[in-house]
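Undergrad: coordinates only, no sequence provided:
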């Protein structure tokens with residue numbers, strides 16, 4: 001099993017929602033970009049949350065749209081050994097310095113975990129964090145097919161509250 005590494009974070013001081021995956025899959029690593037597998041539903045799900053159809057945009061335009069909407073991206077795992085793309089195959093994981101990134105995001109309201117593995121690792125790394133909501137979302141991965149797209153989207157749309165200029169409550 002070869003060692004795989006995550007990409008650098010995509011975030012700015014204006015980031016209000018930070019979406020954390022676990023570790024990029026083979027298609028993403030080969031392409032050098034987040035959520036590159038054609039069946040991964042991430043771009044459609046987050047596009048719904050920001051109210052823009054960004055799936056058809058080129059990669060740089062997608063990232064620009066996310067940043068403009070207040071959304072950042074990263075992964076909970078900095079590096080790990082893994083054969084293939086499944087989270088269940090991850091071994092010897094080393095976490096990314098999530099707390100350090102979060103400390104530099106003054107407008108952050110929510111850390112959203114894209115799937116159970118991300119949530120398990122991320123909640124442990126951010127256990128002391130009490131100024132933002134920690135939200136586990138259903139995975140956008142094509143491997144997570146026991147939940148329909150509509151069911152996933154209903155959960156992902158909850159991110160809208162954290163992206164609003166004047167959040168409720």
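TA: Now that the structure is in, tell me what you want to look at. As the structure is a computational prediction, the values presented were derived from the model and not from experiment.
Undergrad: can you count the residues close to residue 9?
TA: 19 (other C-beta atoms under 10 Å). Using the backbone N, CA and C atoms, a C-beta is placed for each residue, glycine as well.
Undergrad: I'd say it and residue 101 touch.
TA: Yes: under the criterion of C-beta atoms under 8 Å, residue 9 makes contact with residue 101 at 5.7 Å.
Undergrad: overlap of the contact sets of these two?
TA: Jointly contacting residue 9 and residue 101 under the rule C-beta atoms under 8 Å, 6 or more residues apart in numbering are residue 74.
Undergrad: name the helices or strands packed onto the host helix or strand of residue 78?
TA: According to DSSP states H and E, residue 78 maps onto strand 77-81. Under the contact definition 3 or more C-beta pairs under 8 Å, 6 or more residues apart in numbering; DSSP states H and E, strand 77-81 sits against strand 3-5, strand 91-95.
Undergrad: for residue 108, which of those strands is the nearest?
TA: Judged by C-beta to C-beta, the one of these that comes nearest to residue 108 is strand 91-95, at 18.1 Å.
Undergrad: quick check: buried residues in that closest one?
TA: For strand 91-95, burial by neighbour count (16 or more other C-beta atoms under 10 Å) applies to 93, 95.
Undergrad: with adjacent residues omitted, what lies nearest to residue 43?
TA: residue 55 (4.2 Å; C-beta to C-beta, 6 or more residues apart in numbering).
Undergrad: so which residues of this structure form helices?
TA: For the chain, applying DSSP state H gives helices covering 26-31, 42-50, 59-69, 98-103, 116-125, 149-156, 160-163.
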